[in-house]
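>>> dropping a prediction and its sequence here:
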Amino acid sequence: MAKANSIREMLLPGRCFDAGRACEVAALVLKNPRNTGKLIECLWDEEPGVANRAADALERASGRQPQILARWKEALLDRMLDATENKLRWNLALIITRTPLTEVETARAAAILRSWLDDKSSIVKTSAMHGLAGLTRWEPSLLPEVLDLLRILSRSGTPAMRARGRILLKRIEAGKELPVITGPLPRTPGRAVATGRDGQKAGRKTLQALRYGSSPVIN
């Protein structure tokens, strides 16, 4: 198992919102899911950039293997309560819907996501909307509320919310699974992902996915 500080050291380089080596960390966790706990510890790191990249890496990994989250639901819900960084919020909004939640856990997540709809960041609001839609998988009683919300926000929300809202509405009304929004991983196992211009370009593609509703999806 990787040491806790080895994962942190991988996540340390970069400015606050840079993707840095999040792709590599995600690949490491997928290769050895026992490292998931070490990655989740980094969500509370005192360095905001480390916490942001930890959330980014966890989002990428859980988008492909959601079962890695099963043991960490309570920790993720707790982190959502005091998350203030935009990147933390938008990644956690997508992550929390990927593991089965009880009725009480779903209610907790939904309450937090509803509050994030008032966030200043369009990406956070769009991800919160997507997250609420995702929670209907675990709590179908939320569906009428969510459908009303999507219909309203697909007309009156930010451009990103309108685009995502239309996609989500179409999927739900057709009885299809929701799209999985996630970032890329290394193309070749064991190969490092560029952390310079190429890494920034990959990060921008994921941001564009969240902003405009057209995104890297894996379903």
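In hand now; what should we look at?

>>> elements contacting the helix or strand harbouring L94?
Using DSSP states H and E, L94 falls within helix 86-95. Where contact means 3 or more CB pairs under 8 Å, 6 or more residues apart in numbering; DSSP states H and E, helix 86-95 is packed against helix 48-64, helix 73-82, helix 103-116, helix 122-135. Quick note: C-beta positions are derived from backbone N, CA and C, even for glycine.

>>> output the ones you listed as JSON lines; include the columns mean pLDDT, distance to E24 and mean neighbour count.
Converted to JSON lines, the helices and strands packed on helix 86-95 look like this (pLDDT from 0 to 100; distance: least, CB to CB, whole Å; neighbours: other CB atoms under 10 Å):
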{"stretch": "helix 48-64", "mean pLDDT": "95", "distance to E24": "8", "mean neighbour count": "25"}
{"stretch": "helix 73-82", "mean pLDDT": "96", "distance to E24": "22", "mean neighbour count": "16"}
{"stretch": "helix 103-116", "mean pLDDT": "97", "distance to E24": "29", "mean neighbour count": "17"}
{"stretch": "helix 122-135", "mean pLDDT": "96", "distance to E24": "23", "mean neighbour count": "24"}
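
>>> show me where pLDDT drops low in the chain?
For the chain, applying pLDDT under 70 flags the ranges 1-5, 17, 187-219.

>>> nearest residue to the residue sitting nearest the centre point of the chain in space, please, no chain neighbours.
Taking CA atoms, centre = their mean, the centroid of the chain lies closest to N91, which sits 2.7 Å from it. Closest residue to N91 apart from its sequence neighbours, by CB to CB, 6 or more residues apart in numbering: A55 at 3.8 Å.

>>> in this structure the one you found contacts L94, no?
No. Using CB atoms under 8 Å, A55 is not in contact with L94; the gap is 9.5 Å.

>>> quick revisit: which residues are in contact with the helix holding L94?
For helix 86-95, the surrounding residues in contact (CB atoms under 8 Å, 6 or more residues apart in numbering) are 16-17, 43, 51-52, 55-56, 58-59, 62-63, 69, 76, 79-80, 83, 113, 116, 119, 121, 123-124, 126-128, 130-131, 134, 181-182, 210.
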